[in-house]
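> sequence? don't have it. structure:
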């Protein structure tokens, strides 16, 4: 067998990580066909890569269901990254207060690239019916409240996020880049973002930016609300709490408002 070149090794490693990421974004264990669809790679390539993950202990394969799933080994790596993220610890007191004040599920999100956000902290609502999100979950930046609360303050990221065709995720998803740019301008002026059933048909949210010691927006804090509870009166009552949480977390990150 010919030896692999450095470029081939790098490509294989990148592909395996892509399969790993696909497994992390699924709603549960995934079939090989689902992994092929998620990665867009050939069947044989995906099979080799997911087999590598199984053999190294990062994934399991259920012979009865023919589905693959991540193991706690993969979780330990991700959780260590979140544990070391100073933002999460500094945000926790404000998140706890925000959850108590609103009674809803609360998040802290950061950007991953320009077109996606990742939830790095979450406190679930004590209500019996809440929203279904999870730590590490990726969502589009341009149609979520936490995403818009960051894009509004980063013109370069907004340009990148809105450059390509925007996928319609629900009947209410706004896909016109110019309309979204106008919304981002409003977000920047008012200091918070609101979305309703644009990313998910059953939920919406309110979010505010989080700044670091330099004044740059590095994250956002948001409240996720089931669609049936998202009345204007509730949204208006939530807004000041979210804005305050954003300001308090920013202060904890070293930001001093002028």
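Received it, and whenever you're ready, just let me know what you need. Keep in mind the model is a prediction, meaning the values are calculated, not measured. Residues are numbered from 1 along each chain as shown.
> quick one: low-confidence residue ranges for the protein.
1-11, 75-85, 128-134 (pLDDT under 70).
> for residue 162, grab phi and psi.
phi -100, psi 10 (degrees, to the nearest 10).
> now do the contacts for it.
142, 177, 180, 181 (C-beta atoms under 8 Å, 6 or more residues apart in numbering). Bear in mind the C-beta positions are built from the backbone N, C-alpha and C, glycine included.
> how about residue 141?
111, 114, 115, 116, 117, 147, 148, 150, 151, 157, 161.
> residue 240 and residue 190: what is the separation?
12 Å (C-beta to C-beta, to the nearest Å).
> and what of residue 115?
For residue 115 relative to residue 190 (C-beta to C-beta), the value is 23 Å.
> again, but for residue 220
Taken as C-beta to C-beta, the span from residue 220 to residue 190 is 14 Å.
> those two - which one has more neighbours?
Between residue 220 and residue 190, counting by other C-beta atoms under 10 Å, residue 220 is the more crowded of the two (31 against 13).
> ok, and the closest non-adjacent residue to that one?
Of all residues not flanking residue 220 in the chain, residue 149 sits nearest, at 3.9 Å (C-beta to C-beta, 6 or more residues apart in numbering).
> residue 209 is in contact with that neighbour, correct?
Yes: in this structure, residue 149 is within contact of residue 209 by C-beta atoms under 8 Å, at 4.9 Å.
> joint contacts of the two?
Taking C-beta under 8 Å, 6+ apart as the contact criterion, the common neighbours of residue 149 and residue 209 are 217, 220, 246.
> you'd agree the second one is in a strand?
By that I understand residue 220. Yes: the assignment for residue 220 is a strand, going by DSSP: H, G, I helix; E, B strand; the rest coil.
> so who does it touch?
Applying C-beta under 8 Å, 6+ apart, the residues near residue 220 are 108-109, 117, 145-147, 149-150, 193, 207-210, 246.
> ok, 6 Å please
109, 146, 149, 150, 207, 209, 210 (C-beta atoms under 6 Å, 6 or more residues apart in numbering).
> and those residues, which is closest to residue 70?
Taking C-beta to C-beta as the measure, residue 70 lies nearest residue 109 of these, at 21.3 Å.
> that closest one - that's part of a strand, no?
Yes: counting by three-state DSSP, residue 109 falls inside a strand.
> burial measure for it, as a count.
29.
> just give the nearest non-adjacent residue to it, would you?
Spatially, and ignoring its direct neighbours in sequence, residue 109 is nearest to residue 146 (3.8 Å; C-beta to C-beta, 6+ apart).
> so how far is residue 204 from the one you found?
12 Å.
> can you check residue 31 too?
From residue 31 to residue 204 the distance is 32 Å (C-beta to C-beta).
> for the two, indicate the residue with more neighbours.
Between residue 31 and residue 204, residue 204 has the larger neighbour count (other C-beta under 10 Å), namely 23 against 13.
> pairing partners for the more buried one in the sheet, please.
Bridge pairing for residue 204 (DSSP bridges) gives the partners residue 196, residue 225.
> contact partners for it?
Residue 204 sits next to 195, 196, 197, 225, 230 when contact means C-beta under 6 Å, 6+ apart.
> most neighbours out of the contacts of residue 162, which is it?
residue 142 (28 neighbours).
> quick check: what element follows whichever strand or helix holds residue 24 along the chain?
Residue 24 belongs to helix 6-25 when assigned by DSSP states H and E. Next helix or strand after helix 6-25 toward the C-terminus (DSSP H and E): strand 30-31.
> direction included, what does that next one pair up with?
Applying DSSP bridges, one finds strand 30-31 paired with strand 67-70 (antiparallel).
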